[in-house]
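Asks: Here's my sequence, what's the structure:
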Amino acid sequence: MLKRLFTISSFLLLFSTYSFAQREYYTLLQGGGNLGVNNPGFEGTFNGYSLHFIFGRNFDERAFVGIGLGNEVLRGDYKFANPTETQQGNFKYDRNLFPLFIDARLPFAYIGDVSRVGAVANAGYSVRLGGIYDKGAMGKIGLFYLYDDIKRKNFTVSATYAYQHLTYVSFREKMNHQSVNLSVGIWLK
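Replies: From the prediction side, this is the model:
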């Protein structure tokens with residue numbers, strides 16, 4: 001009984017501490033689409049979608065830095081630009097990515113009382129969790145829009161140019177895929 005009481009009181013203490021510090025930390029849930037634009041060394045790009053969860057620190061509304069994880073899906077057809085005899089024909093690419101990354105957002109302009117525009121950058125690595133996951137370094141850079149209402153009905157839209165190094169384990173192929181990502185999210189702070 002004493003153990004349960006301690007567990008419940010610890011949980012309530014942790015929860016109350018977090019609730020008083022809501023402006024110091026933030027949580028961002030965002031989802032969007034990826035449109036492939038370039039895949040050097042190969043003909044064909046990959047399109048897909050992404051879902052990210054980011055938890056970070058709010059530095060007095062001047063900068064937001066967090067750590068994120070997500071799931072991304074890329075699909076498409078490709079072929080080698082200069083194929084050898086064994087590399088002839090079209091190949092299918094249907095893989096998931098599990099990126100772990102650092103998210104940095106720097107607002108630089110206010111639009112009215114509750115809206116901001118700023119720069120966003122991500123850098124990280126996609127780990128290989130299983131057979132359908134690819135691995136490799138990733139980076140994104142772009143712009144974001146934040147609607148930051150006093151009633152905490154916050155949402156964000158971001159547009160980024162993404163680089164993803166893909167190591168397709170099945171064929172030991174290394175690709176440097178580039179895409180444009182458009183995401184919409186809910187920002188809790």
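
Asks: Show me the strands in this structure, by range?
Replies: With DSSP state E as the criterion, the chain has strands at 25-38, 42-43, 47-59, 63-80, 91-111, 115-127, 133-134, 136-147, 155-168, 173-188.

Asks: Lowest average pLDDT across the ones you listed?
Replies: When those are ranked by mean pLDDT, strand 42-43 comes last with a mean of 77.

Asks: Distance-wise, check the one residue sitting closest to the centre of the chain relative to G112.
Replies: Central residue of the chain (Cα atoms, centre = their mean): H52, 4.7 Å from the mean position. Distance, H52 to G112, by Cβ to Cβ, to the nearest Å: 27 Å. Any C-beta I mention is one placed from the backbone N, CA and C, and that applies to glycine too.

Asks: coming back round to it: buried deepest among the strands of the chain, which one?
Replies: The highest average neighbour count among the strands of the chain, using mean count of other Cβ atoms under 10 Å, belongs to strand 133-134 at a mean of 20.

Asks: just to revisit the earlier point, go ahead and confirm the residue nearest to the centre of the chain touches G68.
Replies: Yes. Counting by Cβ atoms under 8 Å, H52 touches G68, with 5.3 Å between them.

Asks: can you list residues touching both of these two?
Replies: Common contacts of H52 and G68 (Cβ atoms under 8 Å, 6 or more residues apart in numbering): L28, P99.

Asks: chain center to stretch 116-130: distance?
Replies: Remark: stretch 116-130 is offset 4 Å from the chain centroid, using Cα atoms, centre = their mean, to the nearest Å.
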